[in-house]
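Any chance you could fold what I've pasted below:
(chains A, B, C and D)
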There are 2 protein chains.
Amino acid sequence: MLNYQAATPAPLDLAFQALADPTRRVMVERLSQGPASVSELARPLDMTLSAVVQHLAVLEASGLVRSQKVGRVRTCRIEPQMFTAAERWLGERRASWERRFDRLGAFLAETASEEIATEPATSPAAPGARRQRKKT
Amino acid sequence: MLNYQAATPAPLDLAFQALADPTRRVMVERLSQGPASVSELARPLDMTLSAVVQHLAVLEASGLVRSQKVGRVRTCRIEPQMFTAAERWLGERRASWERRFDRLGAFLAETASEEIATEPATSPAAPGARRQRKKT
DNA sequence: CTGATACTTAAGTTAATGCTTAACTATCAG
DNA sequence: CTGATAGTTAAGCATTAACTTAAGTATCAG
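Numbering: from 1, shown residues only, chains lettered A, B, ... in the order given. Purely as a prediction, here's the structure:
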């Protein structure tokens, strides 16, 4: 996974990556109903405790989940902030194309009785010679 | 990546996985402002066209993006439905813990002058002997 | 002290990812 | 027809991810 962009993965990288796994989503679903211990999280899952601990590590690294150990049991809980961040990113994209649709609608309504030439807004795309390897 | 749960990955797996990559998010950000050709998507990205095409394939497989080819240019655009699905999943989790917070608040307000014993709701956790390998 | 519980940590294995080259296939302009 | 555009496809390679075993380390109950 050579991602030549940032040395440190962005928070959203980690969040979406964490949510991409069905096992981890099950864990998150459980936790969104209230705190739970590691074994409680593991119970419905068909894998070793060890694997669950590793999934938990991914969730914690992503900032979606937090946990603390009291005695010998580690209690895990949801960390709402990162969820909000992910939700916000999605919402912003949606807002973007919805705004565009609104403009398009307004434009169509406005020019309904004027002209008819309305290309689907494909920009000219300058030539821009580019060799195959373009490593900065 | 041995994911012993489903032979077919769930839609949300693909969607979140697709969004987990910063390059693909840049592509999505571009597309949420309007349709674009493959080369247009590639222009700001520091990688070969080939790599961009592969990222696009991931986005299409996830259902977040759709594309069609006219002549020699492929025009890509956002597919809103899958975004909504992802946003909804996040929203439902949030609703879950917010509901819980409300109940907790109500409970605290109600018993404010009665008793004081209020454990953080850690369930009893039955013994349930389990060997290390528990492959169904 | 002893044994169960509840994790932890470290390897090791396998498959999936994110790239790169390189070679090809259609358009479209002139 | 020719050359440039725009994309496609197939290998190949290094890294990461998702597990497994196996062998710990702290609690806590009795």
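
what about stretch A:70-82, how long is it end to end?
End-to-end distance of stretch A:70-82 (Cα to Cα, to the nearest Å): 24 Å.

List the buried residues in that stretch.
Neighbour counts over stretch A:70-82 (16 or more other Cβ atoms under 10 Å in any protein chain shown) mark A:74-79, A:82 as buried. Where you see a C-beta, it was placed from the backbone N, CA and C, and this is true even at glycine.

Which ones among the residues you listed map onto helices?
A:Met82 (DSSP state H).

Show the overlap between the buried residues of stretch A:70-82 and what lies near DNA strand C.
The subset of these within reach of DNA strand C, by Cβ under 7 Å from any atom of the strand, is A:Arg74.

Now for the buried residues of stretch A:70-82: which two are most distant?
Farthest pair in the buried residues of stretch A:70-82 (Cβ to Cβ) is A:Arg74 and A:Met82. Separation: 19.2 Å.

Now distance to chain B and pLDDT too, for the buried residues of stretch A:70-82, in CSV please.
As requested, these are exported to CSV (distance: Cβ to the nearest Cβ, whole Å; pLDDT from 0 to 100):
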residue, distance to chain B, pLDDT
A:Arg74, 12, 98
A:Thr75, 7, 98
A:Cys76, 11, 98
A:Arg77, 9, 98
A:Ile78, 6, 97
A:Glu79, 10, 97
A:Met82, 10, 97
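
Now do the helices in chain A.
Using DSSP H, helices in chain A cover A:11-19, A:22-32, A:38-42, A:49-62, A:80-110.

how about those helices, which one is nearest DNA strand D?
Closest to DNA strand D of the helices of chain A is helix A:49-62 (Cβ to the nearest atom of the strand; 3.5 Å).

so what secondary structure elements neighbour the closest one?
helix A:11-19, helix A:22-32, helix A:38-42, strand A:65-70 (3 or more Cβ pairs under 8 Å, 6 or more residues apart in numbering or on different chains; DSSP states H and E).

OK, contacts around the residue nearest to A:Glu29 when sequence neighbours are not counted?
Computed as Cβ to Cβ, 6 or more residues apart in numbering or on different chains, the closest residue to A:Glu29 that is not its neighbour in sequence is B:Arg93, at 6.7 Å. Going by Cβ atoms under 8 Å, 6 or more residues apart in numbering or on different chains, B:Arg93 touches A:28-29, A:32, A:78, A:83.

Please indicate which of these are buried?
If we count by 16+ other Cβ under 10 Å, these have these buried: A:28, A:32, A:78, A:83.

ok, so of those, who is nearest B:Ser37?
A:Phe83 (34.4 Å).

is it true that the closest one touches B:Arg94?
Yes - counting by Cβ atoms under 8 Å, A:Phe83 touches B:Arg94, with 5.9 Å between them.

In chain A, where is pLDDT below threshold?
A:1-7, A:101-136 (pLDDT under 70).

phi, psi of whatever residue of chain A ends up closest to DNA strand D?
Nearest to DNA strand D in chain A, going by Cβ to the nearest atom of the strand, is A:Gly71, at a distance of 2.1 Å. Main-chain dihedrals, A:Gly71, degrees, to the nearest 10: phi 70, psi -130.

Closest one of the buried residues of stretch A:70-82 to A:Arg66?
Nearest to A:Arg66, judged by Cβ to Cβ, of the buried residues of stretch A:70-82 is A:Glu79 at 4.7 Å.

Mind listing the residues bridging to the closest residue to that closest one other than its chain neighbours?
In space, and not counting its chain neighbours, A:Glu79 is closest to A:Arg66: 4.7 Å by Cβ to Cβ, 6+ apart. Note on A:Arg66: beta-bridge partners A:Arg77, judged by DSSP bridges.

I'd like to check which residues are in contact with A:Arg66.
Neighbours of A:Arg66 in contact, by Cβ under 8 Å, 6+ apart: A:60, A:76-79.
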